[in-house]
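Asker: Just the structure for this:
(one chain, ligands or ions: 2)
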Amino acid sequence: MTQVIQVDPDQPDAQAIAQAAAIIHKGGLVAFPTETVYGLGADAMSEQAVRRIFAAKGRPADNPLIVHISNRAMLDLVAADVSDQAEALIDRYWPGPLTLVLKRKPEVAASVSAGLPTVAVRMPNNPIALALIRAAATPIAAPSANRSGRPSPTSAAHVLADLAGRIEMILDGGATNIGIESTVLDMTGRVPVILRPGWITEEQIAAVVGAVERAASLQELQRSPGTRYRHYSPRARVVLVEQATLDLLERMCNEYLKSETVGFIGHTPPAIDDEKFRALILRNEPADYAARLYAALREMDEGGASVIVIEGIADAGEGAAVMDRLRRAASETIRD
Ligand code: AMP
Ligand code: MG
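Answerer: Ligands and ions are numbered 1, 2, ... in the order given. Okay, here's the model as predicted:
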């Protein structure tokens, strides 16, 4: 049985937090909200507890987890050799959606790092997450709380849909505010490398550390094994249109409608009246796409769409993180 407890994010109830912390202590699994997406937490220092995360998600063992901490002192339990550059980023962006890859301490459960000599760490900016980590008094390993390959959960209902019966508890703090996962930045080389774009942008990182690179080569991506897998996928196939016009979108949707049930997600709604067609209209802004994208993909699945046409946005600033997720969700990309 999975217990769902409603918690006010502005004033997390101490008793609910204590109950959740007790589960973490016993090696159990608790899903909790962060400012990005819901995380599936276990004691990062317990190998047995961390293995349960992989089992519950069906996550490949070679895809490492992010460790969540509630204060700067906790970082020293899991990571070594924190550079001045890393400290500057911590001062500027923690708590927040920036994950730093650092040299790992041997006390961290081995499977957290999936065999790598590094550990990924962040301090989430959500009062429920911070209260839980504080009460558990241990770093908490927490990947997104979805079944592996599915869109990340941005509400407790999404977590329940994927993981009911597989985890002990969900702390329901309402919808997450950013909606896409953190930026992952490798700090172990000479120059910081963005392994996964996120809400903290390349420009924001460069403003603190100067030079920053984007992982491009396959060799670099091997360092963030999670980026190799198909991700964020609804059951329907996803067709991404990177630079759409109304005319192109209407032609595409009408063509698919000859044989399929079609969902549209985007900011230029096709004028189509057909019972096999559904449209979810977003604002042409990274924030609205990020906040609503994963829920929109799940909704389209529930509505029975066999193909989902998604309209892209500008690939710059926060939009780069949104476009990264859209490209990973898509089985086909059209650039026109
Ligand atoms: P998730 O928490 O489900 O969003 O996935 C965590 C992401 O962080 C995946 O893309 C992982 O590959 C990446 N990650 C976690 N630990 C490391 C690490 N030690 N080195 C590089 N990437 C990591
Ligand atoms: Mg994930």
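
Asker: What segments of this structure are helices?
Answerer: 14-25, 47-57, 72-78, 84-93, 127-136, 156-163, 202-209, 218-222, 246-257, 286-302, 319-329 (DSSP state H).

Asker: which one of those helices lies closest to ligand 1?
Answerer: helix 47-57 (8.2 Å; CB to the nearest ligand atom). Every residue, glycine included, has its C-beta placed from N, CA and C.

Asker: and the angle for that closest one with helix 14-25?
Answerer: Taking axes from the mean of the first three to the mean of the last three CA atoms, to 10 degrees, helix 47-57 and helix 14-25 form an angle of 100 degrees between their directions.

Asker: roughly how far is helix 47-57 from the heart of the chain?
Answerer: 18 Å (CA atoms, centre = their mean, to the nearest Å).

Asker: Please see if it touches ligand 1.
Answerer: No. Helix 47-57 stays out of contact with ligand 1 when judged by CB under 6 Å from any ligand atom, the minimum separation being 8.2 Å.

Asker: Using CSV, write down the CA coordinates of that helix.
Answerer: The C-alpha coordinates for helix 47-57 follow below in CSV (Å, rounded to 0.1, in the frame of the first residue of the first chain):
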residue,chain,number,x,y,z
GLU,A,47,23.0,0.2,-0.5
GLN,A,48,19.9,-1.8,0.2
ALA,A,49,17.6,1.2,0.3
VAL,A,50,19.0,2.6,-2.9
ARG,A,51,18.6,-0.7,-4.7
ARG,A,52,14.9,-0.5,-4.0
ILE,A,53,14.7,2.8,-6.0
PHE,A,54,16.1,1.0,-9.1
ALA,A,55,13.6,-1.9,-8.6
ALA,A,56,10.6,0.4,-8.1
LYS,A,57,11.3,2.5,-11.2
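
Asker: please begin residue numbering at 43 from this point
Answerer: Renumbered: residue one is now 43, and that last one reads helix 89-99.

Asker: So what touches that helix?
Answerer: 66, 69-71, 82, 84-86, 101-103, 107, 151-154, 183-185, 187-190, 205, 208-209 (CB atoms under 8 Å, 6 or more residues apart in numbering).

Asker: Generate a PyMOL selection restricted to the buried subset of the residues you listed.
Answerer: In PyMOL, this line selects whichever of the contacts of helix 89-99 come out buried by 16 or more other CB atoms under 10 Å:
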select buried, resi 66+69+70+71+82+84+85+86+101+107+151+153+154+183+184+185+187+188+189+190+205+209
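
Asker: Now, the contacts of helix 89-99 that are in strands?
Answerer: Counting by DSSP state E, the contacts of helix 89-99 place 82, 84-85, 183 in strands.

Asker: Turn the residues you listed into JSON lines, columns for pLDDT.
Answerer: Listed next are the ones in strands among the contacts of helix 89-99 as JSON lines, based on pLDDT from 0 to 100:
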{"residue": "82", "pLDDT": "98"}
{"residue": "84", "pLDDT": "98"}
{"residue": "85", "pLDDT": "99"}
{"residue": "183", "pLDDT": "98"}
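
Asker: Farthest pair within the residues you listed?
Answerer: 82 and 85 (12.5 Å; CB to CB).

Asker: For the helices of the chain, which has the smallest mean pLDDT value?
Answerer: The minimum mean pLDDT among the helices of the chain belongs to helix 260-264 (a mean of 52).

Asker: Also near ligand 1: which of the contacts of helix 89-99, exactly?
Answerer: Among the contacts of helix 89-99, proximity to ligand 1 is found for 107, 185 (CB under 6 Å from any ligand atom).

Asker: Tell me the residues of the stretch 93-242 of the chain that contact ligand 1?
Answerer: 105-108, 143, 155, 158, 160-162, 185-186, 223, 226, 237-238.

Asker: Many thanks, we can stop here.
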